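Trainee: for reference, the sequence and a predicted model appear below.
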Amino acid sequence: HEGSGSRTGVPSSYSQLLPLTTLSAERLATADLVAAAKWGTGSPIDDPAREQVVLDTVRKQAVETGADPEATVAIFRDQIEANKLVQRGLHALWTADPSKAPAERPDLTEVRKEINRINIELVRAIAGSDRARATWSCRGVLAVTAVHVRHEKQLDKLHSRALVRAVPSVCPVR
Ligand SMILES: O=C(O)C(=O)C[C@]1(C(=O)O)C=C[C@@H](O)C=C1
């Protein structure tokens, strides 16, 4: 794709929204690691205290980065729901067929460090997509970026569904 508009120098909506969708898919990939970290430990998928830390942190980062804090928090609520959708899907799969369950248990603290890195990148991508998110075509362009990312990353059904769940707040309802 041409990226930032070749003749005008103005970034296209597509090039503003693609990083957001790509990072959403990368954040969803961490759900596999979180699910594996929690599998067989009795730790619940829902961790409201950690969610609050994530939301408080990204709100602060949004203010520092010049992203709309309310939009940022709304987008991260979706990102978290999508993450849980993947975790629940995987736990259901592993319960039904224990031979598919992971043999290794990642360290949740390390996985959360990776999530934190992706979170700040996502906040930057939100700050950089102000114009695209405010445009009438936001939903259509966002859907095109999702198709692209699904193919590029060869997402399975569960992760494709979760990617759809991760991004509705990107385009404000009007
Ligand atoms: O950190 C975890 O324990 C996760 O499961 C990840 C995550 C998130 O998406 O950030 C999702 C669900 C939990 O309620 C808290 C946070």
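Mentor: Received it, and whenever you're ready, just let me know what you need. Treat the numbers as computed from the prediction; the structure is a model and nothing was measured. Numbers count the residues shown, from 1 in each chain.

Trainee: residues of the protein that sit close to the ligand?
Mentor: Those residues of the chain that sit near the ligand, judged by C-beta under 6 Å from any ligand atom, are 34, 45, 46, 47, 50, 51, 54, 80, 83, 84, 112, 115. Just so you know, the C-beta spots here come from the backbone N, C-alpha and C atoms, and that holds for glycine as well.

Trainee: residue 125 reaches residue 27, doesn't it?
Mentor: No: in this structure residue 125 lies outside contact range of residue 27 using C-beta atoms under 8 Å: 10.9 Å.

Trainee: give me the more crowded residue out of these two.
Mentor: Taking other C-beta atoms under 10 Å, residue 125 and residue 27 do not tie; residue 27 has more neighbours (25 against 22).

Trainee: show the average pLDDT along the helix or strand hosting the more buried one.
Mentor: Element membership for residue 27 (DSSP states H and E) is helix 13-38. If you average the pLDDT over helix 13-38, you get 98.

Trainee: so for the strand or helix carrying residue 70, what gets flagged as buried?
Mentor: Element membership for residue 70 (DSSP H and E) is helix 69-96. Neighbour counts over helix 69-96 (16 or more other C-beta atoms under 10 Å) mark 69, 71-76, 78-80, 82-91, 94 as buried.

Trainee: who are the packing partners of that helix?
Mentor: helix 13-38, helix 48-65, helix 108-127, helix 157-166 (3 or more C-beta pairs under 8 Å, 6 or more residues apart in numbering; DSSP states H and E).

Trainee: by proximity to the ligand, which residue of this protein wins?
Mentor: residue 83 (3.3 Å; C-beta to the nearest ligand atom).

Trainee: wait, that residue touches residue 35, no?
Mentor: No: the criterion here is C-beta under 8 Å, and residue 83 misses it with residue 35 at 9.3 Å.

Trainee: residues that sit against both of those two, list them.
Mentor: Shared contacts of residue 83 and residue 35 (C-beta atoms under 8 Å, 6 or more residues apart in numbering): none.

Trainee: quick check: the gap between the nearest residue to residue 130 once chain neighbours are set aside and residue 58.
Mentor: Distances taken as C-beta to C-beta, 6 or more residues apart in numbering place residue 68 nearest to residue 130, at 7.3 Å, with adjacent residues excluded. According to C-beta to C-beta, to the nearest Å, residue 68 stands 12 Å off from residue 58.

Trainee: which one's more surrounded, the two?
Mentor: residue 58 (24 against 17).
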